[in-house]
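when you get a sec, could you give me coordinates for this:
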Amino acid sequence: MGFQLSACAEMLWQDRPIHWRAAALHEMGFGVGLWNWPTWDLDALAATGASFTIMNGYLEGRLADEAGAELLLASARETVQVGKRLGVQRLNLHGTGLGDHGIPVPQIAHVAPGMWLRARDTLHRICDLAEEEGVIFTLENLNLREHPGCPFNSTADVLSLVSAVDRPQLRINLDLYHTQIGEGDVIRWAKACLPWIGEVQVADNPGRCEPGTGEMNWPVIARALADMGYDGPVGLEAFAKTRPEQALDAFRAAFTV
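Here you go, the predicted structure:
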């Protein structure tokens, strides 16, 4: 069947309205990834008929402290309704909220042992919400170079938390761009995460642009994913170094195996 290809509408055609971008991606045969919803025209997005593969599943909150967890749950509960209105397939989380330019809010220099227990308990509460609402959340790995002070940022951290919770309502959003920067060894990390992957996201490094613009051998990575049995969604979360249409063609070519 091949991979289910999608692209982040927020990062392409940035001079166009978000519903125009979603419609363009849909017309080209791609699913649509989104970030935060308060500024969107939800009616216009729904009218595009696009398949919305992922969006941020919260607007504020944190995994690892009581006040942050309450904010996260309240925010997630509201966002779930937006996601269901659009038919979004996965709702994405991070260790803490991200502000301007992806800087964590707040930045946390050290993750104490008790924070791991709190994060696990918060994710169980997220799963309870997801089970009640019939939705799926993902937890995404990030890199500290671009997101300094983000707790539970690494691929290893995300794998540890999601595998410890081990419920079908919580999957890994494995962002291989962030893995490359943070750890490298992306194929082995993909294999380790495989039982819990809900989506794979990609961008070349350096530059965070389409496949073929950086150091990563995407056809080899794509073949490795297919060989290990992964045939789920792959999302391009990247800027276009060329025209968006060319960037999407390069993405499709790299992940046609």
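
quick one: residue 232 and residue 201 touch, right?
No: in this structure residue 232 lies outside contact range of residue 201 using C-beta atoms under 8 Å: 11.6 Å. Every residue, glycine included, has its C-beta placed from N, CA and C.

who has more neighbours, the two?
Neighbour totals were compared for residue 232 and residue 201, and residue 201 leads with 25 against 16 (other C-beta atoms under 10 Å).

so which helix or strand takes in the more buried one?
strand 197-202 (DSSP states H and E).

neighbouring contacts of that strand?
Among residues not part of strand 197-202, those counted as contacts by C-beta atoms under 8 Å, 6 or more residues apart in numbering are 33, 53-54, 90, 136, 138, 140, 171-177, 190, 211, 218, 221, 225, 230, 232-238, 251, 255.

quick check on those: which are buried?
33, 53-54, 90, 136, 138, 140, 171-177, 190, 211, 218, 221, 225, 230, 232-238, 251, 255 (16 or more other C-beta atoms under 10 Å).

quick check: mean pLDDT of the strand holding residue 201?
The average pLDDT for strand 197-202 rounds to 98.

strands paired with that strand, and their directions?
strand 170-175 (parallel), strand 233-236 (parallel) (DSSP bridges).

next structured bit after it?
helix 218-227.

need the contact partners of that following helix.
Residues contacting helix 218-227 (C-beta under 8 Å, 6+ apart): 3, 176, 186-187, 190-191, 200, 202, 204, 211-212, 234, 254-257.

circling back: could you dump the strands paired with strand 197-202 into JSON lines and include mean pLDDT and distance to residue 63?
Shown next, in JSON lines, are the strands paired with strand 197-202 (pLDDT from 0 to 100; distance: least, C-beta to C-beta, whole Å):
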{"stretch": "strand 170-175", "mean pLDDT": "98", "distance to residue 63": "12"}
{"stretch": "strand 233-236", "mean pLDDT": "98", "distance to residue 63": "22"}
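
between those strands, which one is closest to residue 132.
strand 170-175 (13.8 Å; C-beta to C-beta).

what sits against residue 22?
With C-beta under 8 Å, 6+ apart, residue 22 has these contacts: 9, 32, 34, 45, 48, 50, 52.

ok so, going back, distance from the chain centre to the strand holding residue 201, please.
Put simply, strand 197-202 sits 7 Å off its chain's centre (C-alpha atoms, centre = their mean, to the nearest Å).

buried stuff in that strand?
197-202.

so it versus helix 218-227, what angle?
Taking axes from the mean of the first three to the mean of the last three C-alpha atoms, to 10 degrees, one finds strand 197-202 and helix 218-227 inclined to each other by 170 degrees.

CA atoms only: put strand 197-202 into PDB for me.
Output of strand 197-202 as PDB, limited to C-alpha atoms (Å, rounded to 0.1, in the frame of the first residue of the first chain):
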ATOM      1  CA  ILE A 197       4.600   4.900  16.200                       C
ATOM      2  CA  GLY A 198       1.500   6.800  15.200                       C
ATOM      3  CA  GLU A 199       3.200   9.000  12.700                       C
ATOM      4  CA  VAL A 200       6.700   9.700  11.300                       C
ATOM      5  CA  GLN A 201       7.600  13.300  10.500                       C
ATOM      6  CA  VAL A 202      10.500  14.300   8.200                       C
END
